[in-house]
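**Q** build me a model from this:
(chains A and B)
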Amino acid sequence: MSPKTLYDKIWDAHVVDESSDGTCLLYIDRHLVHEVTSPQAFEGLRMAGRPVRAPDKTIAVPDHNVPTTEGREKGIDNEESRIQVEALDRNAREFGVVYYPVDDVRQGIVHIVGPEQGWTLPGMTVVCGDSHTATHGAFGALAHGIGTSEVEHVLATQTLIQKKSKNMKVEITGKLSPGVTAKDITLSVIGETGTAGGTGYVIEYCGEAIRALSMEGRMTVCNMAIEGGARAGLIAPDETTFKYVFNRRHAPKGEDWEQALAWWKTLFSDDDAHWDKVVTIKGEDIAPVVTWGTSPEDVLPITDHVPAPEDFDGGKVEAAARSLDYMGLKPGTPLREIEIDAVFIGSCTNGRIEDLRAAADILRGKKIKDGLRAMVVPGSGLVRAQAEEEGLADVFREAGFEWRLAGCSMCLGMNPDQLSEYERCASTSNRNFEGRQGYKSRTHLMSPAMAAAAAVTGRLTDVREIN
Amino acid sequence: MDKFEKLIGIAAPMPLVNIDTDMIIPKQFLKTIKRSGLGVNLFDEMRYDREGNEMPDFVLNKAQYRDAEILVAGDNFGCGSSREHAPWAIKDFGIRCVISTSFADIFFNNCFKNGILPIVLPQDKVSILMEDAEKGSNARMTVDLENQEITTSDGVVIEFEVDAFKKHCLLEGLDDIGLTLEKASKIDEFEVRLAQTRPWA
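**A** You can find the predicted model right below:
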């Protein structure tokens, strides 16, 4: 047999049909659904009189629109948001799919709920009408975002029409330095390859520094594969993965577990597998980073300075000038002198328990800078409950953070959690696009520890300087 | 789905790189439960000021480009979120073809599901088309999907590649779900095998 990559193996295990031109019908093991990209798809089914083919493999949860303040179960004030969440309530019931409504403690961001409940398992194909579906690749699952037409296609057929992507290997060798996290890895990779560097590829992340990451860290890395242009990011499953999955609510048990484990242990890239592109970064070379512009590729070590447009080539010159104008930054300014107005800790990138622990470790016994607005939004109700049990919620509250209910929140501001015009935010989310967190708002992406450090000083801060 | 065969229309130039889906259709317009009516909010935050007045410098607000049916754009068009609201808004505005050196993967796919043709060309070819688009409404560009050719207003012909299956679906206006359901028995067989080999899945 010819050597295969992990992606090749998962792909081959899911091909239902292949046409002569290489177009495949791929079977989908798990379909995650949220309220923003699904109403038109369910409506399409209704119009055509089609059922959901596999309701027990379809998992729905409202996350984008939900308020994160107490009392939300009584109803959402914003009419359009309410209608969208109510539509999901109705569609989930009518089509009989698995559902975690807003008043269920298991509710949260769809990409945090899936793994938490054991729906996401190694070797699976996982899709969702959301680009950050790449998150689930951390389990060695082929996971990617799809549009609403494809959501309808998966609901109706449990398959997707796909052509295979190319294989890209991103190896992070050696060990990370103190203060450097999974977020710094994933941002640094995008800084290296650019936001289109992964277009047409599925990335497999490997190397000693990746192996050393927890599942939470691996999810952070894979989550932002899409920001590098790749549809999916993968990490081969290992003991860390199996330990995380074991005994989760919907993970296999008993004999099924043994059978599953035997297959999962075959899920790795063969030594002599073919790679279409290879990127290698030394773990020791990665620093704590922040973004300065309006694209995730606009990333630099915190010790650096705001660049000038003429530091770039081609179309990026104009884009950088536009970014600097939008962000209100002058070339040459040390990144550590940029003052902020707000801090957001949360999102499918960094809303898991480990992220909250890392931020709380920085904040313990400290206060946030006067006048700053700071918010923690746990990724799920269960993450929130665990953080309360561990005393992290008290650390955040005592430091001056608002302690919120679970949802996507200020990552994209579809709910009331938005920045005002020209407000500058240290954010653990995934996109710094123009207007992303609010009209004319300014986002700097970074790790939870870096965001917590910024909260203490009121400016972008090197976490290594905080005791 | 609407068929796409041949389009003769005005092309608008948008040379900015990395135009993301938040720029194409900002989040506040994702709260709809319909597919239609998004064209008026296409590029909303670049197109209107806070009071809702048109910004005269934005390309689609200029008299010569208000009826554009083709967009010639900078690298990595459509990056970011998977929101199909982006192609819905583009189509609702009246644009049926977007040309760039590269597209984000999910956006690229979403276009085909909505009767929009995204065309990838090398930089030198995109530059020729960008220049042609800058001539305004007197310059009509022709996009011929059947023959895989773009003709500029000056008669320069540029060939392009397109996936054969996707081309077929666009030319015929075919619905993917209908096509896949013709293979329902193969999906049934796959599920039987799956129940034996990976019963936990």
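
**Q** give the buried residues for stretch B:61-80.
**A** Under the neighbour-count criterion of 16 or more other C-beta atoms under 10 Å in any protein chain shown, stretch B:61-80 has B:61, B:65, B:68-80 buried. Where C-beta positions appear, they are placed from N, C-alpha and C, glycine not excepted.

**Q** report the buried residues of the biggest strand by length in chain A.
**A** Longest strand in chain A by number of residues (criterion: DSSP state E): strand A:166-173. For strand A:166-173, the neighbour count (16+ other C-beta under 10 Å) marks A:N167, A:M168, A:K169, A:V170, A:E171, A:I172 as buried.

**Q** same list (those residues) but as CSV, adding distance to chain B and pLDDT.
**A** Formatted as CSV, the buried residues of strand A:166-173 follow (distance: C-beta to the nearest C-beta, whole Å; pLDDT from 0 to 100):
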residue, distance to chain B, pLDDT
A:N167, 15, 98
A:M168, 13, 98
A:K169, 18, 98
A:V170, 17, 98
A:E171, 22, 98
A:I172, 23, 98
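
**Q** partner strands of the longest strand of chain A and their direction?
**A** strand A:201-206 (parallel), strand A:277-282 (parallel) (DSSP bridges).

**Q** would you reformat those as CSV and include distance to A:D313, mean neighbour count and mean pLDDT?
**A** CSV is the format used below for the strands paired with strand A:166-173 (distance: least, C-beta to C-beta, whole Å; neighbours: other C-beta atoms under 10 Å in any protein chain shown; pLDDT from 0 to 100):
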stretch, distance to A:D313, mean neighbour count, mean pLDDT
strand A:201-206, 23, 27, 98
strand A:277-282, 20, 15, 98
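
**Q** save those strands as CSV, and put in distance to B:I119 too.
**A** Listed next are these as CSV, based on distance: least, C-beta to C-beta, whole Å:
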stretch, distance to B:I119
strand A:201-206, 21
strand A:277-282, 24
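
**Q** which one of those lies closest to A:R82?
**A** Proximity to A:R82, assessed across those by C-beta to C-beta, is greatest for strand A:201-206 (37.7 Å).

**Q** can you name the residues in contact with the closest one?
**A** Residues from elsewhere that reach strand A:201-206, judged by C-beta atoms under 8 Å, 6 or more residues apart in numbering or on different chains: A:5-7, A:142, A:165-172, A:218, A:221-222, A:225, A:228-236, A:269, A:276-277.

**Q** now, of those, which are buried?
**A** Restricting these to buried positions leaves A:5-7, A:142, A:165, A:167-172, A:218, A:221-222, A:225, A:228-236, A:269, with burial counted as 16+ other C-beta under 10 Å.

**Q** what's in contact with stretch B:84-91?
**A** Contacts for stretch B:84-91 (C-beta under 8 Å, 6+ apart): A:37, A:40, A:129, A:147-149, B:21, B:24-25, B:29-30, B:32, B:35-36, B:38-39, B:41-42, B:71, B:78, B:98, B:107, B:110-111, B:113-116.

**Q** in helices, which of the residues you listed fall?
**A** Of the contacts of stretch B:84-91, the ones assigned to helices by DSSP state H are A:Q40, A:T148, A:S149, B:T21, B:I24, B:F107, B:N110, B:C111.

**Q** what residues sit buried inside the longest helix seen in chain B?
**A** Taking DSSP H as the criterion, chain B has its longest helix at helix B:184-197. Buried residues in helix B:184-197, counted by 16+ other C-beta under 10 Å: B:I187, B:F190, B:L194.

**Q** first vs last residue of stretch A:92-103, how far apart are they?
**A** 15 Å (C-alpha to C-alpha, to the nearest Å).

**Q** hmm, back to that, how about the longest helix of chain B against chain A, any contact?
**A** Yes - contact between helix B:184-197 and chain A, assessed by C-beta under 8 Å from any C-beta of the partner chain, occurs at B:A184, B:K186, B:I187, B:F190, B:E191, B:L194.

**Q** what sits against the closest residue in space to A:N65 that isn't next to it in sequence?
**A** Among residues not flanking A:N65 along the chain, A:S81 sits closest, at 3.9 Å (C-beta to C-beta, 6 or more residues apart in numbering or on different chains). Contacts for A:S81 (C-beta under 8 Å, 6+ apart) come out as A:N65, A:V66, A:M414, A:N415, B:K31.

**Q** dump the C-alpha coordinates for the longest strand belonging to chain B into CSV.
**A** Longest strand in chain B, counting residues (DSSP E): strand B:6-14. Listed next in CSV are the C-alpha coordinates belonging to strand B:6-14 (Å, rounded to 0.1, in the frame of the first residue of the first chain):
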residue,chain,number,x,y,z
LYS,B,6,-22.6,34.1,-20.7
LEU,B,7,-22.4,37.4,-19.0
ILE,B,8,-21.8,40.8,-20.7
GLY,B,9,-21.6,43.5,-18.2
ILE,B,10,-19.8,46.3,-16.3
ALA,B,11,-16.9,45.2,-14.2
ALA,B,12,-16.1,47.1,-11.0
PRO,B,13,-12.4,47.3,-9.8
MET,B,14,-11.7,46.5,-6.1
